[in-house]
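Student: fold the following and give me the result.
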Amino acid sequence: PNSKRTRSYPAVLIGRLGVAKEFQGTVLSVGSQVIEYIASWFVHPDNKTGCRFIVVDAYNKENVLHFYEKNGFKFLYSTESLEKEANHIPEDEHLESRMMYLDLLGYIR
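Tutor: Numbering: from 1, shown residues only. Sure, this is the predicted structure:
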């Protein structure tokens, strides 16, 4: 009922993360290291942004979604149908990307 209360949360959007093919799936885990670095930066005491979540607009491909899930990200909408509905995308249209988020509370020590 209070007009000042909205359903928005302090978050940073990293958009899409890309790793060169020769480094994908290697023991270096470059993509995971980048996510770890970004998360650790936003919970560092010197960072005053006040972010609670990292959000990514991930390509809707099984391997990409699995990568983000493996790194602790969760779907903003539990199903593609709900995400289409929220974004006014026709049900019969392919969903190109999925919004996912990482809660930074898990990174606070």
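
Student: what's across from the residue nearest to G15 when sequence neighbours are not counted in the sheet?
Tutor: Closest residue to G15 apart from its sequence neighbours, by Cβ to Cβ, 6 or more residues apart in numbering: D57 at 5.9 Å. To be clear about C-beta, it is placed using only N, CA and C from the backbone, and glycine gets the same treatment. Beta-bridge partners of D57, counted by DSSP bridges, are M99.

Student: surely D57 meets M99?
Tutor: Yes: the criterion here is Cβ atoms under 8 Å, and D57 meets it with M99 at 6.0 Å.

Student: coming back round to it: tell me how many other residues surround the residue nearest to G15.
Tutor: Residues near D57, counting by other Cβ atoms under 10 Å, number 15.

Student: and L102, by the same measure?
Tutor: When neighbours are defined as other Cβ under 10 Å, L102 has 24 of them.

Student: now for the helix or strand that contains it, which elements pack on it?
Tutor: Here L102 sits within strand 97-103, counting by DSSP states H and E. On a contact count with 3 or more Cβ pairs under 8 Å, 6 or more residues apart in numbering; DSSP states H and E, strand 97-103 meets strand 53-59, helix 62-70, strand 74-75, helix 80-86.

Student: helices or strands up against the first one?
Tutor: Put plainly, it is strand 53-59. strand 11-15, helix 30-43, helix 62-70, strand 97-103.
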